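Engineer: everything below, folded, please.
(one chain, ligands or ions: 2)
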Amino acid sequence: MSLKISSRIKLAARSEGQENTLVRIGDAVIGGEKVAVIAGPCSVESKEQLMEAARAVKAAGASMLRGGAFKPRTLPYSFQGLGVEGLKILAEAREETGLPVVTEVMAPEEVAVVEEYADVLQIGARNVQNYPLLKRVGQAGKPVLLKRGMASTIEEWLSAAEYVLHGGNPDVILCERGIRSYGKLTRFTLDLAAVPLLKEVSHLPVVVDPSHGTGIRSLVKPMSKAAVAAGADGLIVEVHPNPEEAMSDGAQSLRPEEFKILMGELGPVARSVGRRL
Ligand code: PEP
Ligand code: MN
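Structural biologist: Numbering: from 1, shown residues only. Ligands and ions are numbered 1, 2, ... in the order given. Predicted structure coming up:
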C-alpha cells in the first residue's frame, strides 16, 4: 500500500488483504458489483411530492429512496423539515415502492424515532464532528451513511467513521459530498480523488453525492458518471418532481426525466469499470 493513514485509525482502515465491506439494506447491497443509486428529494415536503418522486426514481431504476425529514438549514427562517410526519411519509413510500429509505438524523435524542422509520441513518456534513451523535448511531441497529464534512480531511472523516464502528455498528457507508474551496461558481468542490483513495486505505463502501457536491443541476449528470468511473459504490442524487417549487435545493435537483436519462447513461459507464447498475 503506497498511501499511509494514521495508525490510530484502526477499524475504518483496510488491513493487509482485507475484503471490501458490504452493507446490506433489504435487497440492496452497497459495496458489491452493482452500483447503488439512492435518489429522491432534498426534503420531504408533502405526501404527494414524495410519492411522485419515489415512483419516478423507482421506475428509472433507483435502488433506494432519499428524503430529509429533519433538515439542517443555514438559517432558522428556512423550511426545517416535516420531522416525524416526514418519516411517516417516507415509510409509506417504502411500503408502496419497496425502496429502502435513507434519511438524516441530526441529534442523539432523535435517533430512536428515525431508526423506527428509516433503513439508513444519514449523518450530514455539518454533523460529522458531532461526537455524541456519532456515539449514538454507533449503537443503532441500522446502517449509517456518513457524509464528509465540508472542511474534513480524509483522516478526520475516517476518524468519525471510527466512532461509529467503535460503538459497535459495522455498517458505515462513506459519502463524498464536496468540500469548501475558493471557487464561487459551484456550491462545493467535489473531491472525486477521495473515491479511489478511500478504496485503497479503507474497506468501507463509498458513495458520491454530486448534487450537494456541485449545487448545479447541469453538473449532476457528468459528475455522477465521473464518480462511477472513479469506482464509487453508489450515488445519492436529489430528484424533485418540480424543482422550481422545491423547499430546499431546487437548483441542484434533477427533474424525473433528467434522472431517467442519467440512469440510462450510467449503465455503460458502470460496465466499463467492471460494475453494473
Ligand atoms: C442533504 O443530503 O440534503 C444534506 C443536507 O446534505 P449535506 O449534509 O451533505 O449538506
Ligand atoms: Mn439537499
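
Engineer: and the helices in the protein?
Structural biologist: Using DSSP state H, the helices of the chain run over residues 47-60, 84-97, 111-117, 131-138, 154-166, 194-201, 210-214, 217-229, 256-272.

Engineer: could I get stretch 163-174 in PDB with only the CA atoms?
Structural biologist: C-alpha atoms of stretch 163-174 as PDB (Å, rounded to 0.1, in the frame of the first residue of the first chain):
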ATOM      1  CA  TYR A 163     -16.500   6.400  16.300                       C
ATOM      2  CA  VAL A 164     -19.500   4.600  14.700                       C
ATOM      3  CA  LEU A 165     -17.600   1.300  14.200                       C
ATOM      4  CA  HIS A 166     -16.100   1.500  17.700                       C
ATOM      5  CA  GLY A 167     -19.600   1.900  19.000                       C
ATOM      6  CA  GLY A 168     -20.500  -1.500  17.600                       C
ATOM      7  CA  ASN A 169     -22.100  -0.600  14.300                       C
ATOM      8  CA  PRO A 170     -20.200  -2.200  11.400                       C
ATOM      9  CA  ASP A 171     -22.400  -0.800   8.700                       C
ATOM     10  CA  VAL A 172     -20.800   2.500   7.700                       C
ATOM     11  CA  ILE A 173     -21.100   3.900   4.200                       C
ATOM     12  CA  LEU A 174     -18.900   6.900   3.400                       C
END
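
Engineer: what is the neighbour count of the residue of the chain found nearest ligand 1?
Structural biologist: Per Cβ to the nearest ligand atom, Gly124 is where the chain lies closest to ligand 1, at 3.0 Å. Bear in mind the C-beta positions are built from the backbone N, C-alpha and C, glycine included. Using other Cβ atoms under 10 Å, Gly124 is surrounded by 22 other residues.

Engineer: check the one 10 residues further on too.
Structural biologist: The local packing count at Leu134 equals 25, with neighbours defined by other Cβ under 10 Å.

Engineer: mind pulling up the pLDDT for Ser2?
Structural biologist: Note on Ser2: pLDDT of 74.
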